[in-house]
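Student: got a predicted structure plus its sequence, pasted below:
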Amino acid sequence: MKKLFFYFLFFNLLFSTAIFACDSSPVVTMYSPFQLQDGNYLVEIEACIGGGGSESGISADFTPNNILSFDPPSLTSTNGAVATGSLVGTTLSYAYPSDVANNDIFVNATGGTANQCFEFSVVMDAEPASTSSFFFEGVNCTVCQGSCSVGATGESSTGFSPKPCNDIATLELVAEDPVCNDNGTDDINADDTFTVTVNYVNSGALPVQDSEGNLLIGTGSITYGPYNSFDGSVNVTYITDESPDCEILEFIPSCLFDLSCDINVTNCADIILEITSDSECETGLVVDYELMAESNCLGSNLQIGEVLSNFNSNNGDITIPNGFLFSDGETGTCIIDGGSDMYDCGNRLFTNLDNDIPYSNNFITLNPNFGPSGAYFTSKAPGLFMLAADVDNISSFGTQGNNGADGGGTASGFTSTATIGTASFDLFVKTVCSAGDPSINQIVFIPSPNSASQTFAANTNDGEHTVSGITASTTRIYYLLFAGTGGQCYTQAEIETIADEFLVAIGEGQPENELTFNLVSGLASGSTFPFGTTTVEVEVGDTEGNPPTLCSFDVIITDPNGFCVTIDPPIPSITCPPLTLNICDGSYDCEIQDLNPGTNQNGVTDSPIFGGTAAFAIDNDGILDTSLLTSGVTYTIILNYAEDGVLGVPVSCTFTADAPNPANGGSF
């Protein structure tokens, strides 16, 4: 029958040797020294399993703590049996193996009272730490009693608590690498879900931990998401031994705005031209070419993510004379008060599609309230609140809610224009001032030209401000809110200056991005290209320095009519017959050939040209038919070749035909 033995493990802050005893209770209780501390702990434990029984194993239940890792992955008995570790929830188990020789005994295979001590360690998150339980399963409690030590490594500072980040290290989110648009549509829509991978660099000596429980040590990456459950921020806690604090590191998934610039050369193709005269063979051909390219980053194409980044970097360049640093505006749908009774839940954003658009706190959010493909963000800086939105056919935008003026002061407004560099905007301004409460100053920016107009409530307690009639082709709007201390009223000139500073700060008005063409190799357009093939390489980039595209093509000058063909003259060769040729032999091979052979344009090799008095007796292979010759006559053979009308230097032979008298030793 299987028996159980248990240890009561007691620790003090110096991790003294544990006191343990056999008991019939179902668990062993370890009273942790980390009971009131936060952080992660490496705990090493040595446990005994007695031999001689039928089954044995170790189970460590760390509930409600979270085990981050354990080591080793398995325990090996003296008899070679292996108990593999597994982590299910918060319970670590080294389960006894099955089918071990001699009755499934883990420690030994022969029974008896042999025992073995095992060491294993866990890294656990003790936040909050509480009593941990260990369950050791064996058969012989008395043998194990006192045979193994139980303890935890380290000192009392092994467990770390969070500390302010800037005192210990810096964590840099160096890249955003999202996988976007997973539903297969062409555009990023509100129904898309995707994850965001953040590369991080922890330059500090101590580990940090994010809000998901991931330890960020050294350099690596963590994937967050999907989009519809991710708020765009990572809550990072630095682990040390002092008071807790944490930092929220925010970043923007770049797929919500297209920062990649794809430059496509639309006519990167070979150019093939023909020589039409002899003179062009010498001079070549003048070739004009013009590459055509397209890019999604041309013009003033300021991406919404760039606007957010620029505002966060440059908002200090926007000067508000006697400005009021109002509170709230990061989250929610209204500014509850703002301080000094500036609002009574005011600055509630709306479009013609919906009301109470929530503040996004520096996170670009896909939102159909700005149109089917609309996206927006809100951002709060000292004394400033802004919204930027990519809009898709909305007709109105505005604010509503209750101001703190409660009927005091005056509400007024005006329209104007602002031009910064290449950007021009219509300004729609409403102000509430002179009420003693901080003044409220709102500017809506609509790109010019536009058909929009504004209305606003005359009651200073009413925060209504509506810009309507927005042209359907409008794709970007901005909204800026600032406040003045003590009801400060600003002149139109002062507000226009603030509007200009805002547009500069967010990056509007920069020179338009244009394509650039850089010749890498080959000849420029308008050059004279020689007969044959010339490879041209042109790097097509833009004035913003985005990655260029290399276009490579060939300019091929052909000569189908042969104006530029240079022909080397043939070189005829012949083996002449003997000076006295015995015509009784019947034939003689003159072994004719062209030592500089060529091919006619029709693809046929040139034939020999024969002359002389023996031309009638020789064929094109150079075989002289001697039977056609007359004995005693002296003959000549003249040989030449022609290559496309170009003759070689002829060669000739002279010989005398002879028919020897058999009586004199000759033969017929």
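Tutor: Here it is on my side, so go on.
Student: and the lowest mean pLDDT element among the helices and strands of the chain?
Tutor: Between all helices and strands in the chain, the lowest mean by mean pLDDT, DSSP states H and E belongs to strand 9-10, at a mean of 24.
Student: the stretch 301-450 of the chain: strands as residue ranges?
Tutor: 348-351, 354-357, 365-366, 375-381, 384-390, 396-400, 410-420, 423-433, 439-447 (DSSP state E, counting those that start in this stretch).
Student: which helices and strands sit right next to the fourth one?
Tutor: Contacts defined by 3 or more C-beta pairs under 8 Å, 6 or more residues apart in numbering; DSSP states H and E place strand 375-381 against helix 304-314, strand 365-366, strand 384-390. Quick note: C-beta positions are derived from backbone N, CA and C, even for glycine.
Student: and what of the fifth one?
Tutor: Packing partners of strand 384-390 (3+ C-beta pairs under 8 Å, 6+ apart): helix 304-314, strand 375-381, strand 476-484, helix 492-506.
Student: between the ones you listed, which one is closest to residue 651.
Tutor: Ranking the helices and strands packed on strand 384-390 by their distance to residue 651 (criterion: C-beta to C-beta) puts helix 304-314 first, at 82.9 Å.
Student: may I see the buried residues of the closest one?
Tutor: Under the neighbour-count criterion of 16 or more other C-beta atoms under 10 Å, helix 304-314 has 304-311, 314 buried.
Student: show me where the stretch 501-650 of the chain dips below the pLDDT cut-off.
Tutor: Counting by pLDDT under 70, the stretch 501-650 of the chain shows low-confidence ranges at 598-605.
Student: scratch that, the stretch 51-200 of the chain
Tutor: The stretch 51-200 of the chain contains residues with pLDDT under 70 at 51-69, 78-79, 89-91, 95-200.
Student: which one of the helices and strands packed on strand 375-381 lies nearest to residue 327?
Tutor: Closest to residue 327 of the helices and strands packed on strand 375-381, according to C-beta to C-beta: strand 384-390, at 10.8 Å.
Student: which one, of the strands of the stretch 301-450 of the chain, ends up nearest to residue 548?
Tutor: strand 423-433 (26.0 Å).
Student: so for the closest one, mean pLDDT?
Tutor: When pLDDT is averaged over strand 423-433, the result is 96.
Student: that strand pairs with which strands, parallel or anti?
Tutor: strand 410-420 (antiparallel), strand 439-447 (antiparallel) (DSSP bridges).
Student: between the ones you listed, which gets nearest to residue 565?
Tutor: Distance to residue 565, taken as C-beta to C-beta, is lowest for strand 439-447 among the strands paired with strand 423-433, at 63.2 Å.
Student: go through the closest one and flag the buried ones.
Tutor: So, applying 16+ other C-beta under 10 Å, buried residues of strand 439-447: 439-447.
Student: which ones are touching residue 441?
Tutor: The contact partners of residue 441, taken as C-beta atoms under 8 Å, 6 or more residues apart in numbering, are 429-431, 433, 481-484, 490, 495.
Student: wait, which of the buried residues of strand 439-447 is closest to residue 265?
Tutor: Distance to residue 265 across the buried residues of strand 439-447 (C-beta to C-beta) is lowest for residue 447, with 30.1 Å.
Student: what is the neighbour count of the nearest residue to residue 589 once chain neighbours are set aside?
Tutor: Nearest non-adjacent residue to residue 589, counting by C-beta to C-beta, 6 or more residues apart in numbering: residue 623, 5.7 Å away. For residue 623, the neighbour count with other C-beta atoms under 10 Å is 15.
Student: repeat for residue 473
Tutor: So residue 473, with other C-beta under 10 Å, has 8 neighbours.
Student: and it, what pLDDT?
Tutor: On pLDDT, residue 473 comes in at 92.
Student: from residue 419, how far off is it?
Tutor: Applying C-beta to C-beta, to the nearest Å, the value for residue 473 to residue 419 is 19 Å.
Student: and if you look at residue 406?
Tutor: Separation of residue 406 from residue 419 (C-beta to C-beta) stands at 38 Å.
Student: again, but for residue 305
Tutor: 24 Å.
Student: sorry, back to before: was I right about the residue nearest to residue 589 contacting residue 587?
Tutor: Yes - assessed by C-beta atoms under 8 Å, residue 623 is found in contact with residue 587 at 5.6 Å.
Student: of all the strands of the stretch 301-450 of the chain, which one is nearest residue 572?
Tutor: Minimum separation from residue 572 across these (C-beta to C-beta) falls at strand 423-433, 81.5 Å.
Student: the inter-axis angle of that closest one versus strand 476-484?
Tutor: Strand 423-433 runs at 30 degrees relative to strand 476-484, counting by axes from the mean of the first three to the mean of the last three C-alpha atoms, to 10 degrees.
Student: quick one on the thing from earlier: take the helices and strands packed on strand 384-390 and write them to CSV, including distance to residue 351.
Tutor: CSV is the format used below for these (distance: least, C-beta to C-beta, whole Å):
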stretch, distance to residue 351
helix 304-314, 16
strand 375-381, 10
strand 476-484, 9
helix 492-506, 20
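Student: closest to residue 526 out of the ones you listed?
Tutor: Short answer: helix 304-314, nearest of the helices and strands packed on strand 384-390 by C-beta to C-beta, at 37.9 Å.
Student: distance check, the closest residue to residue 380 other than its chain neighbours against residue 419.
Tutor: Among residues not flanking residue 380 along the chain, residue 329 sits closest, at 4.3 Å (C-beta to C-beta, 6+ apart). For residue 329, the distance to residue 419 equals 29 Å [C-beta to C-beta].
Student: the more surrounded of these two?
Tutor: residue 329 (22 against 13).
Student: ok, the more buried one - contacts?
Tutor: By C-beta under 8 Å, 6+ apart, the contact list for residue 329 reads 335, 338, 347, 359, 378, 380, 385, 481.
Student: need the contact list for the closest residue in space to the second one that isn't next to it in sequence.
Tutor: Of all residues beyond its chain neighbours, the one nearest residue 338 is residue 326 (3.8 Å), with distances taken as C-beta to C-beta, 6+ apart. Counting by C-beta under 8 Å, 6+ apart, residue 326 makes contact with 335, 338-339, 342, 383, 385, 438, 483.
Student: swap the cut-off to 7 Å and go again
Tutor: With contact set as C-beta atoms under 7 Å, 6 or more residues apart in numbering, residue 326 has these partners: 335, 338-339, 342, 383, 438, 483.
Student: now swap in residue 261 and tell me
Tutor: Residue 261 sits in contact with 295-297, 542, 546, where contact means C-beta under 7 Å, 6+ apart.
Student: cutoff 8 Å now
Tutor: 295-297, 542, 544, 546-547.
Student: most neighbours of all those residues, which one?
Tutor: Within the contacts of residue 261, neighbour counts (other C-beta under 10 Å) peak at residue 295, which reaches 20 neighbours.
Student: distance of that one relative to residue 263?
Tutor: Taking C-beta to C-beta, one finds residue 295 at 5 Å from residue 263.
Student: next, show the common contact partners of these two.
Tutor: Taking C-beta under 8 Å, 6+ apart as the criterion, residue 295 and residue 263 both touch 515, 542, 546.
Student: possible to save those residues as CSV with secondary structure and distance to residue 531?
Tutor: Listed next are the shared contacts of residue 295 and residue 263 as CSV, based on DSSP: H, G, I helix; E, B strand; the rest coil; distance: C-beta to C-beta, whole Å:
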residue, secondary structure, distance to residue 531
515, strand, 32
542, strand, 36
546, coil, 38
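Student: with distance to residue 395 added, can I get those residues in JSON lines?
Tutor: Putting the shared contacts of residue 295 and residue 263 into JSON lines (distance: C-beta to C-beta, whole Å) gives the following:
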{"residue": "515", "distance to residue 395": "35"}
{"residue": "542", "distance to residue 395": "34"}
{"residue": "546", "distance to residue 395": "34"}
